[in-house]
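Q: Everything below, folded, please.
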Amino acid sequence: MTDIDIGNLVYLVLLLLLIGYFSLGRGRLNLNKTMQHAAIWGLIFLGAILAFGLWEDIRSTVRPMQTVLTDEGRIELPRGPDGHFRATLDINGVSVDFIVDTGASDLVLSKQDAARAGLDPDTLPFFGRAMTANGEVKTAPVRLEEIRFGGYTDHNVPASINGGEMRGSLLGMSYLSRFEQITIAGNRLILTR
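A: Numbering: from 1, shown residues only. Take a look at the predicted model:
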């Protein structure tokens, strides 16, 4: 234990003693009521820990997901809470999340997503250039063997790997132009092929 850990432990013990004194020692509540309150606070604390630990599972269950309507030849993407449309595509058999960006010229993979899809960004020549909101970045042109999106499969698709730091991958116009129509209706982006 470090000095900071010991200090935190002493602080918590003193805090517990102080709370115990005011709850029991001052005689404000009887022991039965004190135990009820302690149990309620314990359950609230446990509930907060569970909610925090399961937040990603809860969020993925509650948030709207992309809908594929293959009979009608369209894919519907809901607008996320941040205002962006997101899509999940399988790149070379690996599921990759994208932000749909009609202002991006290319399908752009982050280095992390490229590595997950079987590409090695460390061996690629980053001789291309792209202008982003954060300024100019180097890019490496690649060809993706297979992309699956909804019921559609495309092969030998051109893409770029961003040489800079990027939080996620972008689904730009080089891929979106494969769809006949791109429509925004309310809070849904509809891609029709």
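Q: from here on, contacts and neighbour counts on C-alpha atoms
A: Noted.
Q: Okay, and the residue nearest in space to the middle of the chain sits in which element?
A: Geometric centre of the chain, nearest residue: residue 97, 8.0 Å, by CA atoms, centre = their mean. Using DSSP states H and E, the element containing residue 97 is strand 94-100.
Q: Give the other helices and strands that that strand contacts.
A: strand 86-91, strand 169-171 (3 or more CA pairs under 8 Å, 6 or more residues apart in numbering; DSSP states H and E).
Q: so it versus strand 86-91, what angle?
A: 140 degrees (axes from the mean of the first three to the mean of the last three CA atoms, to 10 degrees).
Q: The helix or strand following strand 94-100 packs against which elements?
A: Using DSSP H and E, the helix or strand that follows strand 94-100 in sequence is strand 108-109. Secondary-structure packing of strand 108-109 (3+ CA pairs under 8 Å, 6+ apart): strand 152-162, strand 169-171.
Q: need those strands in JSON lines with distance to residue 121 and mean pLDDT, can you?
A: Below are these laid out as JSON lines (distance: least, CA to CA, whole Å; pLDDT from 0 to 100):
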{"stretch": "strand 152-162", "distance to residue 121": "7", "mean pLDDT": "93"}
{"stretch": "strand 169-171", "distance to residue 121": "14", "mean pLDDT": "93"}
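Q: Check the ones you listed for me and report the most buried one.
A: Highest mean neighbour count among the helices and strands packed on strand 108-109 (mean count of other CA atoms under 10 Å): strand 169-171, with a mean of 25.
Q: what packs against it?
A: Using 3+ CA pairs under 8 Å, 6+ apart, strand 169-171 sits against strand 94-100, strand 108-109.
Q: now the residue nearest to the centre of the chain, nearest residue through space, not along the chain?
A: Spatial nearest neighbour of residue 97, chain neighbours left out: residue 88 (4.5 Å); criterion: CA to CA, 6 or more residues apart in numbering.
Q: swap in residue 128?
A: In space, residue 128 is closest to residue 139, 4.7 Å off (CA to CA, 6+ apart).
Q: re earlier: give the contact list for the residue nearest to the centre of the chain.
A: 86-89, 168-169 (CA atoms under 8 Å, 6 or more residues apart in numbering).
Q: Just the pLDDT at it, thanks.
A: With respect to pLDDT, residue 97 has a value of 92.
Q: ok, how many other residues are close to residue 12?
A: 12 (other CA atoms under 10 Å).
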